[in-house]
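> have a look at this fold, sequence not included:
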């Protein structure tokens, strides 16, 4: 505890704004150490189990049905994949 006492004694002589900087720096060091500890820890067992069994349990989902099998739209007009979304084509040459 002698080291903590020395830090305390030396910090007491600093102006308040510098003491705040010291406290911020201590908080930064604590955050770095906590992050490092989290990275060094192995994942919980449930995460390991999920990672190894997930690919075997996920069902295969087929792609959408071909466009010919889709029902007719309510408005009766089939979708035109060739429609242009360019402003000039939609609104005329002046873009309005």
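Ah, there it is. Bear in mind that the values here come from a model prediction, so they are computed numbers and not experimental data.
> please count neighbours and contacts with C-alpha atoms only from this point.
Noted.
> what lies in contact with stretch 27-46?
Contacts made with stretch 27-46 from outside it, assessed by Cα atoms under 8 Å, 6 or more residues apart in numbering, are absent: no residue qualifies.
> correction: the previous question concerned stretch 9-24.
Identification of contacts with stretch 9-24 by Cα under 8 Å, 6+ apart yields no residue at all.
> can you measure across it, start residue to end residue?
Stretch 9-24 has an end-to-end distance of 18 Å (Cα to Cα, to the nearest Å).
> and for stretch 6-22?
End-to-end distance for stretch 6-22: 14 Å, by Cα to Cα.
> what about residue 11, neighbour count?
16 (other Cα atoms under 10 Å).
> one more: residue 22?
15.
> ok, now residue 20?
By the criterion of other Cα under 10 Å, residue 20 has 13 neighbours.
> may I have the phi/psi pair for it?
In terms of degrees, to the nearest 10, the main-chain angles of residue 20 are phi -60, psi -40.
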